[in-house]
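# prediction below, plus the sequence it came from.
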Amino acid sequence: MKVLKIFENKLRNKNYSENTIRNYLHSLSIFLKEINCKDPYQIRLFNIVNFLETRNFSSVSQQNQFIGCLKLFAKYVLNKKEVHLSKIERPKSEKKLPQIIDKNYLISCIENIKNIKHKAIIALAYSTAMRVSEVCNLKLTDIDSKRMLILVRQGKGRKDRYVPLSNKLLNLLRNYYIEYKPNIYLFNGQKNEKYSTSSCNEIVKKYIGKDYHFHLLRHSSATSLLESGTNLRMIQTILGHKNVKTTQIYTHVSTQFLNQVNVVY
């Protein structure tokens, strides 16, 4: 559909991330299909509001994704700036504590992985707290063994940042490189130049547990850093959080912090 391409070009010109573009295009295609509008340029405010108020969303995050998508569609494609500014309010986000994986169990699982590529992917994610998309987008040139740093390019919010590289992880990555000889991207897929996010989730379920997913490695890493005494501001930098309040949520799941409480009974 032509309007989807126009919307995609607008988002690219505004420098939105590939993940955001992909998700918003998917949301817009669902919206256009469900309202059954033959001419997208005839969409009015009530069409958008009615869709958002009557549709059953699977979660608050999905609802927010549709709202964000349709606001930008109204602003950049339909030129309805009033929709973008004030007509649609976002719901309050759910206050859920992050799930984490026990440190000893996780390290034991990683050590027992025989496939060195899979081991390198999971170890990298746990050691650096990188997001799954950041792991897949990592290039060979982003590994700085002299400074013992890894450059994370264009993470969430289109920001670059550095994360520390441990000697143990560096040795593992070197052994992996010798065996697999990756090209450009650190982790190549079987048919594509880089490993897929879905494959990353599959190996977590295979080696760590079927009830776990890749993002839990990031939560677990942040909690382990906190319990090892790493400064909260440093953890914020490693995670790439804009606000330290986002990082502070890990104090609510850290046993070290909770054990400092003097219970009354």
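Received, thanks.
# okay, now Lys75: neighbour count?
By the criterion of other C-beta atoms under 10 Å, Lys75 has 16 neighbours. In short, each C-beta sits where N, CA and C put it, glycine included.
# pLDDT wise, what is it at?
If you check Lys75, the pLDDT there is 87.
# that one against Cys69, yeah?
No. Between Lys75 and Cys69 no contact is recorded; they are 11.0 Å apart, counting by C-beta atoms under 8 Å.
# so how many other residues sit close to Ser133?
Using other C-beta under 10 Å, the number of residues around Ser133 comes to 17.
# that one: what's it in contact with?
Ser133 makes contacts with Glu18, Asn19, Thr197, as judged by C-beta atoms under 8 Å, 6 or more residues apart in numbering.
# what are the phi and psi angles of the residue nearest to the second one when sequence neighbours are not counted?
The one in question is Asn19. Leaving aside its sequence neighbours, Asn19 sits nearest to Ser133 (C-beta to C-beta, 6 or more residues apart in numbering; 5.9 Å). Here the main-chain torsion angles of Ser133 (degrees, to the nearest 10) amount to phi -70, psi -30.
# any idea how far Met234 is from Ser133?
Distance of Ser133 to Met234, computed by C-beta to C-beta, to the nearest Å: 23 Å.
# okay, and which of the contacts of Ser133 map to helices?
Where these overlap with helices, as defined by DSSP state H, the overlap consists of Glu18, Asn19, Thr197.
# can you say which of those are buried?
Buried residues within those, counting neighbours by 16 or more other C-beta atoms under 10 Å: Thr197.
# for the ones in helices among the contacts of Ser133, give me CSV that also has pLDDT and distance to Gln65.
Output for the ones in helices among the contacts of Ser133, formatted as CSV (pLDDT from 0 to 100; distance: C-beta to C-beta, whole Å):
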residue, pLDDT, distance to Gln65
Glu18, 81, 15
Asn19, 81, 11
Thr197, 92, 17
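# output the ones in helices among the contacts of Ser133 as CSV; include the columns distance to Tyr162.
Output for the ones in helices among the contacts of Ser133, formatted as CSV (distance: C-beta to C-beta, whole Å):
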residue, distance to Tyr162
Glu18, 21
Asn19, 21
Thr197, 22
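# low-confidence stretches in this protein?
By pLDDT under 70, the low-scoring segments of the chain are 1, 82-87, 92-95, 155, 157, 253-265.
# quick one: the strands in it?
Shown for the chain, the strands assigned by DSSP state E span residues 143-144, 149-155, 159-164.
# deepest of those, which one?
strand 149-155 (a mean of 18; mean count of other C-beta atoms under 10 Å).
# elements contacting that one?
In terms of contact count using 3 or more C-beta pairs under 8 Å, 6 or more residues apart in numbering; DSSP states H and E, strand 149-155 is assigned the packing partners helix 132-137, strand 143-144, strand 159-164.
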